[in-house]
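**Q** What would the 3D arrangement of this be:
(one chain, ligands or ions: 1)
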Amino acid sequence: MADLPGPAASPLVGNALQLRRDRLGFLTRCAREHGDAAAFRIGGTAVVLLSHPDAVHELLTVRQHDFGKSPVLRRARAVLGDGLLTSEGDVHLHDRRLLQTAFSRQRVARYAEEMVDVAVAVVGSWTPGRPLDLHAQTVRTTLTVAGRTLFGTRLDEDVELVAGAVRDVLSAYPVLMLPLGDLLVRLPPTRGRVRRGTAALDTLTARLVGEHARGGPGREDLLSLLLEDFDPRHARDQVVTMLLAGHETTASALAFAGHLLAGHPSVQDRVAAEVREACGDGGVPMVDDLERLPLTRAVMAEALRLYPPAWTMGRQARASTKVADVEIPAGTVLLAPQWVVHRDARWWPDPEAFDPDRFLGPAPDRPRFAYFPFGGGTRQCIGESFAWTEGVLTLAVILARWRLRPVPGRPLVPDPLLTLRPRDGSWVVPEPRPA
Ligand code: HEM
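**A** Numbering: from 1, shown residues only. Below you'll find the predicted structure:
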């Protein structure tokens, strides 16, 4: 690993400042200029960037037990505690088995009706011709859906509170990426923002638990499962994790997909025609319609390729090991960047183009991990089928009613924090779609 190629680094901070200036550009240049395994440094921490799908496969599956989560995700324990995203080892194994039931295909199919109801109500509130931030709307949709399906409650009034808490908590991310980030996040103003965000999430969680207790037994949602099987502290961690993981990424994916469609009216018209054909003129999809919406699903898939909400995955070596024939000393951080691999011309011809048709027809012969928006191995996203169902149904509801136009002067700027989000919103103008 000592002789891996990589960008020049300054002695004290390594490559931290280059990374801080432009995280997506830095990782892309690193891979394109220095190859499929490139080395750089953040302060004293050695980082290896793996951008070949076979190496990603090895990291996330074959050698997954040699690695723990990245230091950044471990620090996220300050907010998420020992929830499913951050727990490790036996605790993770036990909890994953238990929580899996709430995410089975059959269970997700039952959530579909709520997903459609919520989407119909949200898009029904739009004013024809008035620009709107689609991201704010999809946050509202996915958070409301998470509340109703996973926690058996209404979160309609709490959207601003949760959105603010997410912004506060994510404000720590750029600081954590600095050398001594661990120390810096404990200083103002970051410390204050993270505390405020965490306190807001704690208050909401306490309210959900209280409401649940008053609702009595006999419920079947995720919250019931958590409260029956976990002690209060551990249940709190799982609730906060599911509250955030269960809405934030899907909201961004939908906001990116809608913005891409606004810029590609002919694809948009094809999707609208598909929805009308599959669901009739009312355009209210049901779960059984999903198989008749391949283009809508392909749009979601292509949006997840170009703008993966999980834009990079990090792991840290527990002991010395080897990946892709590279010797990895203990403590090294390995990055598997969806942003880079999903835009690699070796697997994706014309990689920057929005072309959902690449996900239709027979699957081309490309490596499994050329596309991994939901990760892989035992830590693969537990909510994947939830996200596909919600994503495709919500897009179908939007496009059955509205034609989205871009708003001049309001470009989409992806902001790579712990997840990739539209930095300044995802602005579109909704016009009624003629019958
Ligand atoms: C488009 C939407 C989504 C994307 C792109 C996404 C992506 C991911 C990725 C890449 C991971 C793996 C992280 C790692 O290994 O370090 C993950 C894990 C996870 N996701 Fe998702 N996710 C999405 C939606 C959801 C939803 C809807 C839920 C819950 C309802 C959810 C809950 C979780 C949880 C709890 C984990 C941790 C799983 C474990 O470690 O066992 N995600 N997600």
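
**Q** Lowest-scoring secondary structure element of this protein by mean pLDDT?
**A** helix 181-184 (a mean of 81; mean pLDDT, DSSP states H and E).

**Q** Tell me where the protein has strands.
**A** For the chain, the strands defined by DSSP state E cover 37-42, 45-50, 67-69, 132-133, 313-317, 321-323, 326-328, 333-336, 402-406, 414-416, 420-422, 427-432.

**Q** Can you say which of these is nearest to the ligand?
**A** strand 313-317 (5.0 Å; Cβ to the nearest ligand atom). For glycine as for every other residue, the C-beta is placed from the backbone atoms N, C-alpha and C.

**Q** From the contact counts, what lies against the closest one?
**A** strand 67-69, helix 71-75, strand 333-336 (3 or more Cβ pairs under 8 Å, 6 or more residues apart in numbering; DSSP states H and E).

**Q** Mind doing that once more with 6 Å?
**A** strand 67-69, strand 333-336 (3 or more Cβ pairs under 6 Å, 6 or more residues apart in numbering; DSSP states H and E).

**Q** What pLDDT does the model give the nearest residue to Phe354 once chain neighbours are set aside?
**A** Closest residue in space to Phe354, ignoring its immediate chain neighbours: Leu260 at 4.9 Å, by Cβ to Cβ, 6 or more residues apart in numbering. pLDDT for Leu260: 98.

**Q** The one 3 residues further on too?
**A** Reading off the confidence values, Gly263 has pLDDT 98.

**Q** Dump the strands of the chain to JSON lines, plus mean pLDDT and distance to Val175.
**A** Formatted as JSON lines, those follow (pLDDT from 0 to 100; distance: least, Cβ to Cβ, whole Å):
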{"stretch": "strand 37-42", "mean pLDDT": "96", "distance to Val175": "12"}
{"stretch": "strand 45-50", "mean pLDDT": "97", "distance to Val175": "15"}
{"stretch": "strand 67-69", "mean pLDDT": "96", "distance to Val175": "18"}
{"stretch": "strand 132-133", "mean pLDDT": "98", "distance to Val175": "26"}
{"stretch": "strand 313-317", "mean pLDDT": "97", "distance to Val175": "16"}
{"stretch": "strand 321-323", "mean pLDDT": "97", "distance to Val175": "29"}
{"stretch": "strand 326-328", "mean pLDDT": "96", "distance to Val175": "27"}
{"stretch": "strand 333-336", "mean pLDDT": "98", "distance to Val175": "17"}
{"stretch": "strand 402-406", "mean pLDDT": "98", "distance to Val175": "33"}
{"stretch": "strand 414-416", "mean pLDDT": "97", "distance to Val175": "14"}
{"stretch": "strand 420-422", "mean pLDDT": "97", "distance to Val175": "17"}
{"stretch": "strand 427-432", "mean pLDDT": "98", "distance to Val175": "28"}
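
**Q** and the gap between Ala303 and Arg297?
**A** 11 Å (Cβ to Cβ, to the nearest Å).

**Q** Likewise for Trp126?
**A** 23 Å.

**Q** one step back: now the strands of the chain as CSV including distance to Asp237?
**A** Below are the strands of the chain laid out as CSV (distance: least, Cβ to Cβ, whole Å):
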stretch, distance to Asp237
strand 37-42, 27
strand 45-50, 26
strand 67-69, 14
strand 132-133, 31
strand 313-317, 20
strand 321-323, 29
strand 326-328, 30
strand 333-336, 24
strand 402-406, 38
strand 414-416, 25
strand 420-422, 23
strand 427-432, 35
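
**Q** closest one to Met286 among those strands?
**A** strand 402-406 (19.9 Å; Cβ to Cβ).

**Q** Neighbours of the nearest residue to Arg297 once chain neighbours are set aside, how many?
**A** Using Cβ to Cβ, 6+ apart and skipping residues adjacent in sequence, the residue nearest Arg297 is Val392, 5.0 Å away. By other Cβ atoms under 10 Å, the residues close to Val392 number 25.

**Q** Is Val392 in contact with Ala298, as I believe?
**A** No. Val392 is beyond contact range of Ala298, at 9.7 Å (criterion: Cβ atoms under 6 Å).

**Q** What about whatever residue of the chain ends up closest to the ligand, how many residues nearby?
**A** Of all residues in the chain, Gly383 sits closest to the ligand, with a separation of 2.2 Å (Cβ to the nearest ligand atom). The number of residues packed near Gly383 is 23, by other Cβ under 10 Å.

**Q** so what's it up against?
**A** Going by Cβ atoms under 6 Å, 6 or more residues apart in numbering, Gly383 touches no other residue.

**Q** could you measure it against Leu395, distance?
**A** With Cβ to Cβ as the criterion, Gly383 and Leu395 are 17 Å apart.

**Q** And for Glu302?
**A** 12 Å.

**Q** Same check on Phe67?
**A** Counting by Cβ to Cβ, the gap from Phe67 to Leu395 is 35 Å.
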